[in-house]
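**Q** Kindly return the folded structure for what I paste below:
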Amino acid sequence: MDDCREEEKLLNEMRIALDRLRKDAEAAVENANPQYENALNALKLLNKADYDEIRTFRQPPQPVLAVMNTICIMFHRKPEYLVFESFI
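**A** Modelled structure (predicted):
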């Protein structure tokens, strides 16, 4: 009988920990969602001429490099300009 109570106590502790993790994950998603939506909207504004301009850069500006590196990392590629060029 004591084993059952100990198991029940352990399960309750695990449930509480799981609920806490679930709430943390939901809060993180809610926090990231507006940033994600803003990024998607910005991507929708790009056109072919924008991509062509990026391809002509020998040394892209720092903000462009930051975005390129982020995209490479998202696709598990080495964050380098030449690697990114293969994506566009």
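
**Q** burial of residue 30, as a residue count?
**A** Counted by other C-beta atoms under 10 Å, the residues lying close to residue 30 total 9. (Each C-beta comes from the backbone N, C-alpha and C, glycine too.)

**Q** host element of it?
**A** Residue 30 belongs to helix 2-45 when assigned by DSSP states H and E.

**Q** Provide the contact partners of the helix or strand just after that helix at residue level.
**A** As assigned by DSSP H and E, the chain's next helix or strand after helix 2-45 is helix 48-56. Identification of contacts with helix 48-56 by C-beta atoms under 8 Å, 6 or more residues apart in numbering yields 60, 64, 85, 88.

**Q** List buried members of those residues by neighbour count.
**A** residue 60 (16 or more other C-beta atoms under 10 Å).

**Q** Single out whichever of the contacts of helix 48-56 has the smallest pLDDT.
**A** Ranked by pLDDT, the contacts of helix 48-56 bottom out at residue 88, which has 70.
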